[in-house]
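Undergrad: following is a predicted model, sequence given first.
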Amino acid sequence: MNKQQRALVIGGSLGGLFAANMLHALGWHVEVFERVGDDLATRGAGIGTHDELFSVMRRLGIAVDASIGVEVRERVCLDHAGKVLLEVALPQMMTAWARIYRPLKDLLPAAHYHFGMNLDRVEEDADGITAMFSDGSSARGELLIAADGIRSSVRSQVLPQAQPRYAGYIAWRGVVDESAVSPQTHAAIFDRYAFGLPIGEMMLAYPVPGRDNDVRPGHRSYNFVWYRPCDFAKKLPRLATDASGHCHGVSIPPQLITLGVVAEMRAEAKALLAPQIYEIVERAPQPFFQAIFDLESPRITIGRVVLLGDAAFVARPHVGMGVTKAALDAQCLAQSLAAAPGDLFAALEQYDRERRLFGTRVVARSRRLGAYIEAQLKPPELRTAEECDQRPEIVLREIGAKLANIDELAAPA
Ligand SMILES: Cc1cc2nc3c(=O)[nH]c(=O)nc-3n(C[C@H](O)[C@H](O)[C@H](O)COP(=O)(O)OP(=O)(O)OC[C@H]3O[C@@H](n4cnc5c(N)ncnc54)[C@H](O)[C@@H]3O)c2cc1C
């Protein structure tokens, strides 16, 4: 009987869990190592989904029914006075990060998942690969899957030239309980995907499951993501500086963002956005922001290391594809391994070819969709026609469009 193959998965978020479950189902022995010390389900964020994400979940045996999210049937763009500029029928399922995490985590036998394990470095030899952790322990396998996100420690060791690139803007985010939304705003936008397009900016707001992933009317939440240009050297450090004067680099914990910075953002929301959307921004109890970066890797397999999910490629969130891409990466890896039994490196070549092509294309598309926001940091005379184009009819159709409808992503190599 063949010896059971061992895979070490670094990072126990969605990418790591998709990969671990896929390989476990294939008969591999998997061990997941997550830096954070306890359950990640409290990570809150609303996410757009694609049908392909649900296909991968079903393939793993996870039930996908109406409780998976909140469906929006149409999109509406409102001007700053709250007048409807455009309506488009375009159904999409919106869910919450934790609603995908929970079943994936529960599916993997608990003994294979290790919290509080920070990877320091990897060492590869002819027979296998060893992961070394900060607590002095180590683990060994035939394959190491780096699912440790955009700042991947594994990638920085094996592919140091691949670095995240700042997009020139940030996303303010926040979420409000359905019960806190006024009846007028509820009637105007709650069941819809609402857009606001001040010059050079992009505001998206949509319903998501509420606390404990509740999708019952009255118990849901409404989420916003507001993309705003932000100079990396001049403005970002001020936003990321807490009340004690300490600057947190590009990412400050939400509770440390100063009241002044939040008040300034809300005042600008009042001036620039529809009153219905402003109400969401005003009532969100703890708005926070994320600097937007993207990332391309010149290779996504290096020896016995596989880069997967955000560790491999990060597209700007306009394509709403991060979680779906991580799921498809994991599926492709499992299929490549199944198709080349006994030839690990042939399987990895196949994975590298397929997923690198997809990653490159999806990053290019997301840069195009965000080009007009990024261009705000350039003098107007240097902006191209594409960088000036933020027509609602384009934005409403292209943001988070269905994967099957995007020719540039579906086309064969
Ligand atoms: C503003 C915004 C909006 C978004 N909207 C959407 C959307 O609508 N739809 C969508 O699909 N996606 C969206 N995304 C993207 C999505 O959140 C990510 O693509 C997805 O979570 C990627 O998962 P991952 O597992 O690859 O990486 P991550 O979720 O980043 O997980 C990496 C894990 O590795 C762990 N780790 C890191 N270093 C180490 C180490 N040294 N040792 C051990 N563990 C380590 C971390 O703790 C973490 O748990 C959005 C992102 C942003 C910023």
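TA: Happy to help now that I have it. Quick caveat, the model's predicted, so the values are computed rather than measured.

Undergrad: residues contacting Arg140?
TA: Arg6, Leu8, Gly128, Ile129, Thr130, Ala131 (C-beta atoms under 8 Å, 6 or more residues apart in numbering). The C-beta positions use only the backbone N, C-alpha and C, and glycine is treated the same way.

Undergrad: quick check: which element contains the fifth one?
TA: Okay, so that is Thr130. Here Thr130, judged by DSSP states H and E, is contained in strand 129-133.

Undergrad: for stretch 382-389, buried residues please.
TA: Going by neighbour count (16 or more other C-beta atoms under 10 Å), the buried part of stretch 382-389 is Arg383, Glu387.

Undergrad: what is the mean pLDDT for it?
TA: Averaging pLDDT along stretch 382-389 yields 92.

Undergrad: likewise for stretch 39-55?
TA: Averaged across stretch 39-55, pLDDT comes to 85.

Undergrad: what of stretch 173-191?
TA: Mean pLDDT, computed over stretch 173-191, is 97.

Undergrad: how far does it sit from its chain's centre?
TA: Distance of stretch 173-191 from the chain centroid (C-alpha atoms, centre = their mean, to the nearest Å) equals 24 Å.

Undergrad: list the buried residues of that stretch.
TA: Under 16+ other C-beta under 10 Å, the buried positions of stretch 173-191 are 173-178, 181, 185-186, 188-191.

Undergrad: okay, how far is it across it, tip to tip?
TA: 19 Å (C-alpha to C-alpha, to the nearest Å).

Undergrad: what lies in contact with it?
TA: Residues from elsewhere that reach stretch 173-191 (C-beta under 8 Å, 6+ apart): 44-46, 72-73, 76, 78, 82, 205, 207-208, 210-211, 217-226, 276-277, 279-281, 283-290.

Undergrad: how many neighbours does the residue of the chain found nearest the ligand have?
TA: Residue nearest to the ligand within the chain (C-beta to the nearest ligand atom): Gly322, separated by 1.9 Å. Applying other C-beta atoms under 10 Å, we find 23 other residues in the vicinity of Gly322.

Undergrad: do the same with Ile100
TA: Neighbours around Ile100, by other C-beta under 10 Å: 26.

Undergrad: for it, list the residues it contacts.
TA: Contact analysis of Ile100 by C-beta under 8 Å, 6+ apart lists Leu14, Ile47, Leu53, Met57, Val323.

Undergrad: quick check: the two most widely separated of these?
TA: Maximum pairwise distance among those (C-beta to C-beta): 13.4 Å, between Ile47 and Met57.

Undergrad: looking at the two, which is more packed in?
TA: Neighbour totals were compared for Ile47 and Met57, and Ile47 leads with 24 against 21 (other C-beta under 10 Å).

Undergrad: in this structure the more buried one contacts Thr324, no?
TA: No - in this structure Ile47 lies outside contact range of Thr324 using C-beta atoms under 8 Å: 9.2 Å.

Undergrad: so which bits of stretch 257-272 are buried?
TA: By neighbour count with 16+ other C-beta under 10 Å, stretch 257-272 contains the buried residues Ile257, Thr258, Val261, Val262, Met265, Arg266, Glu268, Ala269, Leu272.

Undergrad: look up the closest residue to the third one, ignoring the ones flanking it.
TA: Which is Val261. For Val261, ignoring the flanking residues on the chain, the nearest one in space by C-beta to C-beta, 6 or more residues apart in numbering is Leu239 at 5.4 Å.

Undergrad: go on, the second one?
TA: In space, Thr258 comes closest to Ala243 once its chain neighbours are excluded; the distance is 5.3 Å by C-beta to C-beta, 6+ apart.

Undergrad: the closest residue to Leu256 other than its chain neighbours: how many residues sit nearby?
TA: In this structure, Leu256 finds its nearest non-sequential neighbour in Asp242, 4.2 Å apart by C-beta to C-beta, 6+ apart. Neighbours of Asp242 under the rule other C-beta under 10 Å: 15.

Undergrad: check Asp106 too.
TA: There are 11 residues near Asp106, going by other C-beta under 10 Å.

Undergrad: element containing it, please.
TA: Here Asp106 is covered by helix 97-107, with elements defined by DSSP H and E.

Undergrad: in that helix, what counts as buried?
TA: Neighbour-count burial for helix 97-107, counted by 16+ other C-beta under 10 Å, picks out Trp97, Ala98, Arg99, Ile100, Tyr101, Arg102, Pro103, Leu104, Lys105, Leu107.

Undergrad: mind listing the helices for the chain?
TA: Per DSSP state H, the chain carries helices over the ranges 14-25, 51-59, 97-107, 153-158, 183-185, 236-239, 259-272, 275-283, 322-339, 344-374, 392-398, 407-410.
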